[in-house]
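Asks: Need coordinates for the following:
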Amino acid sequence: METIQTWFTNNQQMLLDFALKLLVAIAIFFIGKFIAKMVKKGLIKVMQHKGMDATIISFISSLAYGLLFFIVIVAAISHLGFNTTSLVAIVGAAGLAIGLALQGSLSNFASGVLLIILKPFKAGDFIDVSGVSGIVEEIHVFSTKLRTGDNKAVIIPNGKITSNTITNFSTKPERRLDLVIGVSYDADLAKTKALLIKVTNEHELVLKDKEIVIGVQELAESSVNFVVRPWVTSGDYWILHRDLLEKIKIALDDAGIEIPYPQLSLHVRKEETNES
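Replies: Predicted coordinates:
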């Protein structure tokens, strides 16, 4: 008993210093934890204000809180006089190993965050990406779901989307329709052009306040190719595409203007042979 009392007596200053450090470490822990929570709440409010996906909000806010909380713990332990270098090294190595093991998933996740923040397309848009064309149905953190014209569901990893060119056909309210109509070399070009202008201008879906370009584009091998370029609202693009082709074909047939097939001329030359 006397030995213990003697030890306490001889080490009063050391115990006092340690108690003070412990109180400061506890204060660092609780204050740091409070600050980490406030930062998390602030991040959630900012991301919600920007309309970000709930999954991404939860992940990023939790990740930020976890990192801040880890820093707080390291700071508290370090203040007590313990060496935290090994702890930080172990956690860093573990994080690196996990990152390497999940690099594909993390790449898709990062791409998903970029898609939601930058918004190159939204649900309901018709896009072409990674060789697939379809309507965007759902944008998830790791993948995006498209519905093709024949009603197939295509799931594309977000990493492939951000690493390829994205063509969004729904961004602009109006689109230009590009048609190429080939007629025979025997056709009256002026009559053909006038007919194409008439059929195009009479269609109710063609935007009359936009310039309509119609003229000869190319003298091809077996046809004279006219270009027909009216403007249409994006939602009526394919309706006009199908309908205008049909009306042009009927009008050309009624006018006796031929749409030629690809032709190949074969010349046979007969050579005389001398019989001995």
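Asks: From the structure, what's the count of residues near I156?
Replies: 18 (other Cβ atoms under 10 Å). C-betas here are computed from N, CA, C, even on glycine.
Asks: any idea of the mean pLDDT in the longest helix anywhere in the chain?
Replies: Secondary structure assigned by DSSP state H gives helix 12-49 as the longest helix of the chain. In this model, helix 12-49 has a mean pLDDT of 80.
Asks: does I127 really touch L146, like I thought?
Replies: Yes: assessed by Cβ atoms under 8 Å, I127 is found in contact with L146 at 7.4 Å.
Asks: which residues are in contact with both of those two?
Replies: Common neighbours of I127 and L146 (criterion: Cβ atoms under 8 Å, 6 or more residues apart in numbering): G134, V136.
Asks: list the helices and strands the helix or strand hosting K249 packs on?
Replies: Here K249 is covered by helix 237-254, with elements defined by DSSP states H and E. Here helix 237-254 touches strand 179-183, helix 189-202, going by 3 or more Cβ pairs under 8 Å, 6 or more residues apart in numbering; DSSP states H and E.
Asks: What mean pLDDT does that helix get?
Replies: What helix 237-254 shows for mean pLDDT is 94.
Asks: Next, the angle helix 189-202 makes with that helix.
Replies: 140 degrees (axes from the mean of the first three to the mean of the last three Cα atoms, to 10 degrees).
Asks: now, of the helices and strands packed on helix 237-254, which is deepest in the fold?
Replies: Comparing the helices and strands packed on helix 237-254 by mean neighbour count (mean count of other Cβ atoms under 10 Å), strand 179-183 ranks first with a mean of 19.
Asks: how far off helix 237-254 does it point, in degrees?
Replies: Per the same axes, to 10 degrees, the angle that strand 179-183 makes with helix 237-254 is 10 degrees.
Asks: Which other helices and strands does strand 179-183 contact?
Replies: Using 3+ Cβ pairs under 8 Å, 6+ apart, strand 179-183 sits against strand 224-229, helix 237-254.
Asks: before we move on, the earlier item: for L245, which of the helices and strands packed on helix 237-254 is the nearest?
Replies: strand 179-183 (6.7 Å; Cβ to Cβ).
Asks: For that closest one, what is the distance to the chain centroid?
Replies: For strand 179-183, the separation from the chain centroid amounts to 35 Å (computed by Cα atoms, centre = their mean, to the nearest Å).
Asks: Let me see the residues that make contact with it.
Replies: With Cβ under 8 Å, 6+ apart, strand 179-183 has contacts from 192, 196, 217, 220, 222-229, 241, 244-245, 248, 252, 257-260.
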